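> next input, structure requested:
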Amino acid sequence: MNQAQLGLIRRKPSTLLVFFAFLAYFLLVIMPQQSYGQSQSLNNVPPTADTYVRADSPNSSYGNQQIILIRTYSGNQQSIAVLRWNLSSIPTNAVVQNVAISFEKLNAGGSSISLSVRPINSSWSENSLTYNGLLPILGPSAVNSVTLSTSPNFPVLAASSGGLVNLVQSWVSNPGSNHGLALLQAAPNQSEEFTFASRRSTFHAPARITVGYTVPTPAPDRPGSISYPSSSSTGNFTVSWGSVSGATRYELQRSANSGSTWSQIFNGNATSQNQSLSNGTYRFRVRACNSTGCSSWR
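Numbering: from 1, shown residues only. The predicted structure is shown next:
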């Protein structure tokens, strides 16, 4: 009898089957998991939109330019940089620790420039934004005023606290509020000027943002079980419950005589407690806790 008659024909696994097997392995084993409570960063993110507008040409758009220009023209009329980055890959519950925006300098007047960082409060398009279009959506006040050293070829605007960090935090917590920011001179000064590459530049890098953050450890799941005898002739017995991953302590409460009032009788890292009680009817409940919070009661 041959193999065909025995139903033992061997077939090569299909390419599609191999692909899905590898994909499952990648998702479950290889792909890194979220690290809770540890410092993390989203590095060197290029802008999704950038341009500049000029007060001396208030109805012109410069969204097709390979440069971004910050300067003051005659009559104290400024050129303002406008930038937006997509930070949606950062978890919305992340806590922003620091922010750094790096530029590739193309030209600078002087060794530094005093900048005002202002939020943008509504959507805009780099291909159509003008100075007159920016004014109604520009935040009324600066979230940061900084002096940027323009001596290096790659100047960095960095903050570990204050308004810029708070602004980026608002983008992370509510991605729909991320309309970017504007950079303009803190006060008109024709001796200062800063030109850097836009995202359309052929040979130079655009302004990139790096965000350092932490993700809070989630509250633990509730214990899977709680166990104590339905009756005891002596009143001496043990209440025990299942341990929970990520829990640093447990809270155990007791209610007497089927009452609605609960009293806490234990708060610690053990998973059992001995009881010595007088005659009565008692109920127990337990929950798992860590620094973030507590689970529901079991």
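
> any buried residues in stretch 222-234, and which?
Buried residues in stretch 222-234, counting neighbours by 16 or more other C-beta atoms under 10 Å, are found at 222-223, 226, 228. Heads up, the C-betas are built off the backbone N, CA and C, glycines and all.

> so can I have TSV of those showing pLDDT, secondary structure and distance to G235?
Shown next, in TSV, are the buried residues of stretch 222-234 (pLDDT from 0 to 100; DSSP: H, G, I helix; E, B strand; the rest coil; distance: C-beta to C-beta, whole Å):
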residue	pLDDT	secondary structure	distance to G235
R222	95	coil	28
P223	96	coil	24
I226	96	strand	19
Y228	94	coil	12
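
> can I get those residues in a markdown table with distance to Q169?
Formatted as a markdown table, the buried residues of stretch 222-234 follow (distance: C-beta to C-beta, whole Å):
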| residue | distance to Q169 |
| --- | --- |
| R222 | 30 |
| P223 | 34 |
| I226 | 39 |
| Y228 | 46 |
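
> pLDDT weak spots in the stretch 1-150 of the chain?
Where the stretch 1-150 of the chain drops to pLDDT under 70, the residues are 1-37.

> residues contacting the closest residue to L129 other than its chain neighbours?
Among residues not flanking L129 along the chain, T51 sits closest, at 5.6 Å (C-beta to C-beta, 6 or more residues apart in numbering). T51 is in contact with 61-63, 65, 68, 81-82, 126, 129, 198, counting by C-beta atoms under 8 Å, 6 or more residues apart in numbering.

> kindly reformat these as a markdown table containing distance to A55.
Shown next, in a markdown table, are those (distance: C-beta to C-beta, whole Å):
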| residue | distance to A55 |
| --- | --- |
| S61 | 14 |
| Y62 | 12 |
| G63 | 17 |
| Q65 | 16 |
| I68 | 15 |
| A81 | 13 |
| V82 | 13 |
| E126 | 18 |
| L129 | 13 |
| S198 | 19 |
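
> and these, which of them are buried?
61-63, 68, 81-82, 126, 129, 198.

> where do the helices sit along the stretch 51-200 of the chain?
131-134, 163-173 (DSSP state H, counting those that start in this stretch).

> my read: P218 touches G246, true?
Yes: using C-beta atoms under 8 Å, P218 is in contact with G246, at 7.2 Å.

> returning to what we had before: residues in a beta bridge with the residue nearest to L129, which ones?
Assessed by DSSP bridges, T51 has beta-bridge partners V82.

> any idea how far it is from A108?
For T51, the distance to A108 equals 20 Å [C-beta to C-beta, to the nearest Å].

> next one: I137
I137 is 28 Å from A108, by C-beta to C-beta.

> so between these two, which is more surrounded?
A108 (22 against 16; other C-beta atoms under 10 Å).

> so what's the more buried one up against?
With the criterion set at C-beta under 8 Å, 6+ apart, A108 makes contact with 150-151, 193-195.

> same question for N174.
N174 neighbours (C-beta under 8 Å, 6+ apart): T92.

> got the residue ranges for the strands in the stretch 51-200 of the chain?
67-73, 77-84, 95-102, 105-109, 112-119, 144-149, 156-159, 181-185, 193-197 (DSSP state E, counting those that start in this stretch).

> the last one pairs with which strands?
The reference is to strand 193-197. strand 67-73 (antiparallel), strand 105-109 (antiparallel).

> and the residue nearest the centre of this structure?
I90 (3.3 Å; C-alpha atoms, centre = their mean).

> hmm, it is touching G212, no?
No: the pair I90 and G212 fails to qualify as a contact (C-beta under 8 Å) at a distance of 10.2 Å.

> out of the contacts of A108, who's the most crowded?
Busiest of the contacts of A108 [other C-beta under 10 Å] is F194, holding 25 neighbours.

> how confident was the prediction at that one?
Looking at F194, its pLDDT stands at 96.
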